[in-house]
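1. Generate a structure from the sequence data that follows.
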Amino acid sequence: MTLNKDFLLLKTPNSFNVAKTLTVSPIETKANKGKHDIHREYLLVLIHQILSARKHFQVKVKIFRKDICFPISAEILKKSLRDYKEYLEYLIRTNLIWRTEEDSKGKCATYKICEPHNESPLETHYYFKKPNQKFNTVFNALIVKKKIDYSIAEKFSVQIRSYKTLSVDMRKACQTLYKLYPENKEEINKELSMLKTLNNFKSDDIGDLNTFHCDKQGRLYTPFVSLNKNLRRHYRLNNSPLLEIDLSNSIPFFGLALLLDTNENSYINKRIKEICKEREGDLGKGVYKGVMLRKTGLELKTDVLQYKELVCNGGIYKELGSIWGIDEKAAKGNYLTFCNMPPNQLIDNKKWNEFSLYFPNVAGAIEDVNKNFKQTKKQARKNKTNKNRKLCAYAIITQTLESDFILDLIMPQVHDTNPEVKMISIHDAIYTTVQYSDLISETIQDVCQNYLGYYPSVKVKSFNTKP
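-> Prediction:
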């Protein structure tokens, strides 16, 4: 479904003319008697959702036959169409879909798109937002994006099993929610929806989570990741309070890989080379070669050694705050902003010039890795993008390494040795319970030492249960 602030693009089989079918076989529902235009819109919405349900099921079971039988979630349909059962029966009567009967064990009915519609090319329809907000129930229900990547769900099935053990104190969570957004109903509804989704997720259908996918850097996104951090503390995992185990100053830590280790056969340099090759269209050519050339001799530079020590002991942001005369949180924000800026925009930046004075070789390496990343101030103000413009290599490489270590190295190692451990990731952190805190903290340090040659600082944070 293509999204726009004013309309949606819906797809239906070209062989099934909804308007003509309604003329030949009229429909009357309890809520919409005699409203031909509404019937047409609702049928278009329903047919689009049926096609989407088939597609999701095909991906889930990895069977891509057009005549496949598939389930349709009643929960999803009733959010957008109050009379969805009557419209479903209408589509069965008019031979667009066929339904199996529920068996004696109570197994849900499944559906199949009938011939010739199952093989038909798709036609596009515009579904416009109504001028009056109160008539947009269907529109608003449809724009709630559902992003499920079943291959990612299969890869991280250990986390999904942990998600099933999440529970939340809804009373306390709602008290916090209304304090966070006292007058923002839209934000309250969004956060409340995620709270309920996570609290109710007990089934084997990952689709019930609504969101479970990775971005290009491999970062995993779920409702728990998107939830306001002040609401997460009200959750329990396997009926135990949550702990957050955080790899401190993660981006500077993985950024050390762009400064240290000149061995091209090491794990980290091979991985950086793979990232640069896979994302060459976004990063441009010569990034890996430039990184390796720049590394030569940096391990012995005084400023690099001082920077490494500050990063590995978790004190880099505090030190930068002291240099810039701001607090630690603001220093973190400034540092990450500078590392994500084109080098041409840093030339006259006072704080960056101070950083360069204290850590000249570090600043030079960051600017060098981002050398293909160019943007004028005017483009930045307008948030203007160009399909040929290169992206920020420092951000892409460090975020990808972060995902590699947390999702592909650390969590699998914990699971292999202790399969009973319940844990959920949020980018550079792992949420678990107190009994597994030491195990996960030690695994983070061991994996980083084995693959990088140096230890990170690890912080363990317990959550206050008061609202």
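
2. what does the average pLDDT come to for the longest helix belonging to the chain?
-> Criterion DSSP state H: the longest helix present in the chain is helix 36-61. Computed over helix 36-61, the mean pLDDT rounds to 80.

3. Tell me which other helices or strands it touches.
-> Applying 3 or more CB pairs under 8 Å, 6 or more residues apart in numbering; DSSP states H and E, one finds that helix 36-61 contacts strand 7-13, helix 18-24, helix 74-80, helix 84-93, strand 111-113, strand 122-128, helix 137-142, helix 150-155. C-betas here are computed from N, CA, C, even on glycine.

4. The same query, at a cut-off of 6 Å, please.
-> Contacts defined by 3 or more CB pairs under 6 Å, 6 or more residues apart in numbering; DSSP states H and E place helix 36-61 against strand 7-13, helix 18-24.

5. ranking those by burial, who's on top?
-> Mean neighbour count (mean count of other CB atoms under 10 Å) peaks for strand 7-13 among the helices and strands packed on helix 36-61, with a mean of 19.

6. Run through the stretch 301-450 of the chain and note the low-pLDDT ranges.
-> Confidence mapping of the stretch 301-450 of the chain against pLDDT under 70 gives the ranges 375-389.

7. Where do the strands of it begin and end?
-> Taking DSSP state E, counting those that start in this stretch as the criterion, the stretch 301-450 of the chain contains strands spanning 424-426, 429-432.

8. Between those, which one is closest to K172.
-> K172 lies closest to strand 429-432 among these, at 17.7 Å (CB to CB).

9. ok, back up a step: of all the strands of the stretch 301-450 of the chain, which lies closest to A365?
-> The nearest among the strands of the stretch 301-450 of the chain, by CB to CB, is strand 429-432 at 26.3 Å.

10. contacts for that closest one?
-> With contact meaning CB atoms under 6 Å, 6 or more residues apart in numbering, strand 429-432 is reached by 242-246, 423-424, 440.

11. For these, pick the one with the most neighbours.
-> When neighbours are counted by other CB atoms under 10 Å, I424 leads the contacts of strand 429-432 with 26 neighbours.

12. Surely it is in contact with K164?
-> No: between I424 and K164 no contact is recorded; they are 11.0 Å apart, counting by CB atoms under 6 Å.

13. How much space separates H213 from R279?
-> 18 Å (CB to CB, to the nearest Å).

14. Would you mind telling me which of the two has the busier surroundings?
-> Per other CB under 10 Å, whichever of H213 and R279 has more neighbours is R279, with 19 against 15.

15. For I268, see how far away the residue nearest to the more buried one when sequence neighbours are not counted is.
-> Leaving aside its chain neighbours, R279 sits nearest to I396 (5.9 Å; criterion: CB to CB, 6 or more residues apart in numbering). As for I396, its distance to I268 is 15 Å (criterion: CB to CB).

16. Kindly report the same for K196.
-> Applying CB to CB to K196 and I268 gives a distance of 42 Å.

17. what's the answer for Y317, then?
-> 23 Å.

18. Then V61?
-> Distance, V61 to I268, by CB to CB: 37 Å.

19. Torsion angles phi and psi at Y235?
-> The phi and psi values for Y235, taken as degrees, to the nearest 10, are phi -90, psi 150.

20. where does it land on pLDDT?
-> The model's pLDDT for Y235 equals 91.

21. What's the local residue count around the nearest residue to L409 once chain neighbours are set aside?
-> In this structure, L409 finds its nearest non-sequential neighbour in V447, 5.1 Å apart by CB to CB, 6+ apart. Applying the criterion other CB under 10 Å, we find 19 residues in the vicinity of V447.
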